[in-house]
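Asks: Fold the following and give me the result.
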Amino acid sequence: MTFPPDDAPYARLTPHRMLDALAAAGLPVTGGLMQLNSYENRVVQAALEDGAAVVAKFYRPHRWSDAQILEEHAFARELEADDLPVAAPIALDASGEAAGLSLSGDPPTLGHWALAAEGEDEAGAPPASYRFAVAPRRAGRAPELESQDTLAWIGRLLGRMHNVGARRAFVVRRTLDCDSYGTQARRRIEESGLLTPAQSSAWLTVSGHAIEAARRSFDDACMGPAIQDLWMLLSGGREAMQVQLSHVLNGYRAFMDFNPAELGLVEALRTLRMIHHSAWIADRWNDPAFPAAFPWFGTPAYWDQQTGQLREQLEHMALPALACW
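Replies: Numbering: from 1, shown residues only. Modelled structure (predicted):
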């Protein structure tokens with residue numbers, strides 16, 4: 001049996017292998033393991049001998065480079081050092097001699113767990129290596145986004161995060177732009193074979209127009225505009241979103257300046273997110289977890305709905321930006 005790297009990326013990552021990786025990295029695991037919700041990666045909660053627990057993320061192969069992951073880890077640890085409520089990756093134990101384990105980072109926060117074929121079922125299977133990181137378990141709850149105080153608190157939190165992020169630019173992380181989230185995503189969908197013939201022409205035409213309209217909004221935007229972390233807190237009609245935005249920005253501006261020109265990016269970002277989300281599912285359709293989680297994807301009704309929503313986005317992008325006061 002063989003396991004193509006993109007078709008069944010987690011076929012060999014069994015629970016006992018996850019535990020082996022964590023034990024090799026110096027964590028006193030008990031054998032208690034609980035899978036947590038995640039489509040993109042494999043995320044588990046592992047019980048420790050002292051009664052505590054950690055959360056381990058096993059990264060989807062081929063999605064990020066080591067350098068990109070480690071840059072994210074360094075930022076999370078910087079946020080933690082500034083007393084922000086984040087669960088930053090912990091330093092793994094590099095003192096052991098466990099076969100198959102190597103660590104990266106300073107401190108070492110990224111583990112590489114190499115697997116060898118074991119038994120008849122895996123005869124001929126290619127070598128596999130899974131990268132993982134571990135963070136302490138943190139309790140949390142869904143925010144009450146209807147509350148003005150909650151929106152202001154989230155605004156303050158994001159302002160503090162952006163304040164830390166403004167100290168230095170990311171070097172290797174991806175860029176949010178119209179090409180990667182729009183044009184390239186659209187092309188991957190077109191080539192995926194998942195566009196139904198009857199809906200293909202309409203979706204391709206409307207999505208092309210939507211990307212061009214988004215590109216006009218992005219002319220003066222830089223990598224990672226601040227509004228990207230704010231707009232998804234907004235819901236409802238334009239009047240409701242403007243009220244919500246005012247509370248978010250009241251909190252945000254306590255720690256960070258905000259450029260009102262970025263408000264013109266809200267509908268463009270929403271448009272790119274819609275196209276990119278469809279491409280994200282299409283890219284992973286051979287992973288058995290995705291057809292089970294998104295059974296409606298690729299149906300005529302799905303593409304008709306997406307085409308209609310993109311037409312609405314073209315209308316929204318033609319309207320003046322949300323007000324900022």
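Asks: Which residue ranges of this protein form helices?
Replies: 15-24, 66-81, 148-165, 178, 184-192, 197-217, 238-252, 266-283, 289-293, 300-317 (DSSP state H).
Asks: Compile the ones you listed into CSV and extend it with columns for mean neighbour count.
Replies: The way it works is simple: take the backbone N, C-alpha and C, and place the C-beta from them, glycine included. Listed next are these as CSV, based on neighbours: other C-beta atoms under 10 Å:
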stretch, mean neighbour count
helix 15-24, 18
helix 66-81, 17
helix 148-165, 18
helix 178, 23
helix 184-192, 17
helix 197-217, 17
helix 238-252, 18
helix 266-283, 21
helix 289-293, 13
helix 300-317, 16
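Asks: Residue 94: which of those is closest?
Replies: helix 15-24 (10.8 Å; C-beta to C-beta).
Asks: now for the closest one, which elements pack on it?
Replies: strand 29-36, strand 42-48, strand 53-58, strand 110-115, strand 128-136 (3 or more C-beta pairs under 8 Å, 6 or more residues apart in numbering; DSSP states H and E).
Asks: Mean pLDDT, distance to residue 200 and mean neighbour count for the ones you listed - can I get that in JSON lines?
Replies: Converted to JSON lines, the helices and strands packed on helix 15-24 look like this (pLDDT from 0 to 100; distance: least, C-beta to C-beta, whole Å; neighbours: other C-beta atoms under 10 Å):
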{"stretch": "strand 29-36", "mean pLDDT": "94", "distance to residue 200": "37", "mean neighbour count": "13"}
{"stretch": "strand 42-48", "mean pLDDT": "97", "distance to residue 200": "33", "mean neighbour count": "18"}
{"stretch": "strand 53-58", "mean pLDDT": "98", "distance to residue 200": "36", "mean neighbour count": "20"}
{"stretch": "strand 110-115", "mean pLDDT": "92", "distance to residue 200": "40", "mean neighbour count": "19"}
{"stretch": "strand 128-136", "mean pLDDT": "93", "distance to residue 200": "36", "mean neighbour count": "19"}
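Asks: Redo those as TSV? Include distance to residue 229.
Replies: Compiled in TSV, these are given as follows (distance: least, C-beta to C-beta, whole Å):
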stretch	distance to residue 229
strand 29-36	23
strand 42-48	22
strand 53-58	21
strand 110-115	24
strand 128-136	20
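Asks: Of all these, which one comes closest to residue 81?
Replies: Among the helices and strands packed on helix 15-24, strand 128-136 sits nearest to residue 81 (C-beta to C-beta), with 14.7 Å.
Asks: how about the nearest residue to residue 231 once chain neighbours are set aside, what does it touch?
Replies: Distances taken as C-beta to C-beta, 6 or more residues apart in numbering place residue 266 nearest to residue 231, at 4.6 Å, with adjacent residues excluded. Residue 266 is in contact with 227, 231, 234, 321, 322, counting by C-beta atoms under 8 Å, 6 or more residues apart in numbering.
Asks: what stretches of the stretch 51-200 of the chain score poorly on pLDDT?
Replies: Scanning the stretch 51-200 of the chain for pLDDT under 70 picks out 96-97, 116-127.
Asks: okay but residue 145 is in contact with residue 233, surely?
Replies: Yes. Using C-beta atoms under 8 Å, residue 145 is in contact with residue 233, at 6.4 Å.
Asks: Which one of those two is surrounded by more residues?
Replies: residue 233 (18 against 13; other C-beta atoms under 10 Å).
Asks: Apart from its neighbours in sequence, what residue is nearest the more buried one?
Replies: Using C-beta to C-beta, 6+ apart, the closest residue to residue 233 is residue 248 (5.8 Å).
Asks: Pretty sure residue 238 sits against residue 322.
Replies: Yes. Judged on C-beta under 8 Å, residue 238 makes contact with residue 322 at a distance of 6.7 Å.
Asks: Report the contact partners of residue 285.
Replies: Contacts of residue 285 by C-beta under 8 Å, 6+ apart are 192, 194, 291, 297, 298.
Asks: how close does it get to residue 39?
Replies: Residue 285 is 12 Å from residue 39, where distance means C-beta to C-beta, to the nearest Å.
Asks: hmm, back to that, so for residue 20, which of the helices and strands packed on helix 15-24 sits nearest?
Replies: Using C-beta to C-beta, these put strand 110-115 closest to residue 20, at 7.6 Å.
Asks: what sits up against that closest one?
Replies: By C-beta under 8 Å, 6+ apart, strand 110-115 touches 12, 17, 20-21, 24-25, 66, 69-70, 73, 89, 92, 100-104, 127-134.
Asks: Return the list of strands paired to it, each annotated with direction.
Replies: Counting by DSSP bridges, the strands paired with strand 110-115 are strand 101-104 (antiparallel), strand 128-136 (antiparallel).
Asks: Look up the closest residue to residue 43, ignoring the ones flanking it.
Replies: Using C-beta to C-beta, 6+ apart, the closest residue to residue 43 is residue 36 (4.5 Å).
Asks: Quick check: can you list the domain ranges of the chain?
Replies: 15-136, 148-317 (automatic domain parsing).
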